[in-house]
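Student: make a model of this:
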Amino acid sequence: MEFSENLLIAAAQPGARSPAWVMTLFALGMLATYVGVAVDSFHKTVAALTGAVVLVPLALVLGVLPDYDATYEILSHDLNIFGVIIGTGILVDVTGRSGLFHFLSILIVKATGGRASALYFAICTLTFLFVAVLTIVPAMLILSSLVLVICRKLAYPPKPFLLSVAICANSGAVVTFASGLPNIMIGTQAGIPYVHFLMVAAPYALISFLIALAGLRFAFRRSLPWTQSDTQQAELKSRIERFDAWALVEDRGVLVRSAVILALTVVGFALAQPLGVGMDFIAIAGGTAALLFAGKTIEDSIAKVNWTIILFFLGLFLIIGCVKATGALNLLAEQVVALSGGSTGLLVALLTGFSAVASAIIDNIPVAATLIPVVDQIGAGGVAVEPLWWGTILGCNLGGNGTPIGSISCVIALYTLKKEAQQSVSWGEFIRLGGTIMVVQIAGAIAYLLALNAMGWIPRLPG
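Tutor: Numbers count the residues shown, from 1 in each chain. As a prediction, the model looks like this:
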């Protein structure tokens, strides 16, 4: 099988690789960190930082990292994430103080009549659209604040809403080139045009959203009052009539300026790629504009940035960088290639499934970074590489639904739920919900890509 041999030869070109016992040691260190993250009595940020403090010196002693400066190289690949979190954190806080989110929440409540079913589907749809336009981090920060305001006003439990927002967000992240960080990484490396995302990724993003919506509606069938009697609706209507959208608006001029800055930031995210700037620059620019034109308590707004999540990802990225430096992630990816046996269909299934499972366990950014050179090598072996790129994109994004730390949307939602509502979600509970939805979405993604490829509907890459 010449094709199969070429495929395996192309994939089997790793760089320096540590001995098997070193890869195993670091993999166990990462696993121990995830156990610490999963234990409710041990703060996940402390777990991530502890893992980094242990693995970085170990990597230096064992020669996995050439020197300490290599840790800065690891973090340099993810600085854009920190910039987006900081910039949007400031923007969201300043905008929230203007009363804009409260104003919007009351409009949504009044438009749906406050009915749990209508409100739930409106928020999930808004999540899908917000993430597609805003990208996942700023959209999640805004929507988390919005959901909390609405739930407090109507005395609805925030847990079903926040978990649904987190899971639906990962479908929205598939829509465009700029919606998710794996899209940007893979799209840039593969040279995928912006319009190809609208042709290939966006249709399945909608399908995966509908799958998520159906699964979530079933899972939360007893958690919300989906069917409300005439008496309950009359009581809701009476309560909503007393809501004042302007109640928390101290200065309408500040609200208008906040809304304009937020809208311009959204446009900036959409135009970041054509403008040749990063999402982090747009986020920082939006946050700075908010402080300059709408911020009154500047130091307090900066302090409200979610530093806990930033430190969590700081530790996590260092751990993953050390494990990746041992060659363990490349070795796993190569095994997926070897298992394909030369079948394009099986290779698409394996890469999509592997990227999803790995993203759920590790985080989609390092998984995408690891698979990019592997898919490049596979393409050099004579296989049509386009369906493999799309499988990796769909797997990395939708795999985030598998675990509480699989995507930043899940991390933000669960952190908000714990901090603001004092409610925790165990790993088992989340995996039963998000993991089940992920399996159905990934199975659908594989079938979707194979069907498109068989019909010749996946556009070839330029050049």
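
Student: next, give phi and psi for Leu311.
Tutor: phi -70, psi -30 (degrees, to the nearest 10).

Student: list the contacts of the residue nearest to it when sequence neighbours are not counted.
Tutor: Spatially, and ignoring its direct neighbours in sequence, Leu311 is nearest to Thr45 (5.1 Å; CB to CB, 6 or more residues apart in numbering). C-betas here are computed from N, CA, C, even on glycine. Contacts for Thr45 were tallied using CB atoms under 8 Å, 6 or more residues apart in numbering; they are 308-309, 311-312, 315.

Student: can you select the buried ones among these for me in PyMOL?
Tutor: To isolate the buried subset of these in PyMOL, counting by 16 or more other CB atoms under 10 Å, use the following:
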select buried, resi 309+312+315
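
Student: distance to Gly87 and secondary structure added to the contacts of Thr45, as TSV?
Tutor: Below are the contacts of Thr45 laid out as TSV (distance: CB to CB, whole Å; DSSP: H, G, I helix; E, B strand; the rest coil):
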residue	distance to Gly87	secondary structure
Thr308	17	helix
Ile309	14	helix
Leu311	17	helix
Phe312	18	helix
Gly315	21	helix
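
Student: and the contacts of Thr45, which is the shakiest by pLDDT?
Tutor: Note: of those, the lowest pLDDT belongs to Ile309, at 80.

Student: hang on, that residue packs against Ile412?
Tutor: Yes: using CB atoms under 8 Å, Ile309 is in contact with Ile412, at 6.7 Å.

Student: what is in contact with the two at once?
Tutor: Residues touching both Ile309 and Ile412 by CB under 8 Å, 6+ apart: none at all.

Student: over to Thr370. Which of the three states is it?
Tutor: Put simply, Thr370 is helix when judged by DSSP: H, G, I helix; E, B strand; the rest coil.

Student: just the pLDDT for it.
Tutor: For Thr370, the predicted pLDDT is 76.

Student: spatially, what comes nearest to it if we skip its sequence neighbours?
Tutor: Leu329 (4.4 Å).

Student: helix or strand for the one you found, which one?
Tutor: Using DSSP states H and E, Leu329 sits in helix 328-340.

Student: and for Leu224?
Tutor: Per DSSP H and E, there is no helix or strand for Leu224.

Student: any idea how far it is from Lys159?
Tutor: In this view, Leu224 and Lys159 are 10 Å apart by CB to CB, to the nearest Å.

Student: circling back to that earlier point, surely the residue nearest to Thr370 touches Ile365?
Tutor: No: applying CB under 8 Å as the test, Leu329 and Ile365 come out as separate, 11.9 Å apart.

Student: for Leu351, grab the count of nearby residues.
Tutor: If you count neighbours by other CB atoms under 10 Å, Leu351 ends up with 27.

Student: oh, and call the first residue 32 from now on, that's how I've got it
Tutor: Understood, numbering begins at 32; the last thing we discussed is Leu382.

Student: that one contacts Thr423, doesn't it?
Tutor: Yes: the pair Leu382 / Thr423 is scored as a contact, 5.9 Å apart, by CB under 8 Å.

Student: can you check which residues contact both of those two?
Tutor: The contact sets of Leu382 and Thr423 overlap at 402, 406 (CB under 8 Å, 6+ apart).

Student: contacts for stretch 288-304?
Tutor: With CB under 8 Å, 6+ apart, stretch 288-304 has contacts from 122, 125-126, 129, 131, 164-166, 169, 207-209, 215, 225, 306, 309-310, 312-314, 316-317, 320-321, 324-325.

Student: also stretch 423-431?
Tutor: 201-202, 204-205, 211, 213-214, 217-218, 232, 235, 239, 382-391, 395, 398-399, 402-403, 406, 437-441, 469, 472-473, 476, 480.

Student: if we go to 7 Å?
Tutor: Contacting residues not belonging to stretch 423-431 are listed as 201, 204-205, 211, 213-214, 217, 232, 235, 239, 382-384, 386-388, 390-391, 395, 398-399, 402, 406, 437-438, 440-441, 469, 472-473, 476 [CB atoms under 7 Å, 6 or more residues apart in numbering].

Student: can you dump the C-alpha atoms of that stretch in CSV for me?
Tutor: What follows is stretch 423-431, C-alpha atoms only, in CSV (Å, rounded to 0.1, in the frame of the first residue of the first chain):
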residue,chain,number,x,y,z
THR,A,423,-9.4,19.3,13.3
ILE,A,424,-11.3,22.6,13.5
LEU,A,425,-14.6,21.0,14.4
GLY,A,426,-13.0,18.6,16.8
CYS,A,427,-11.0,21.2,18.6
ASN,A,428,-13.9,23.5,19.1
LEU,A,429,-16.7,21.1,19.9
GLY,A,430,-14.4,18.9,22.0
GLY,A,431,-14.5,21.8,24.6
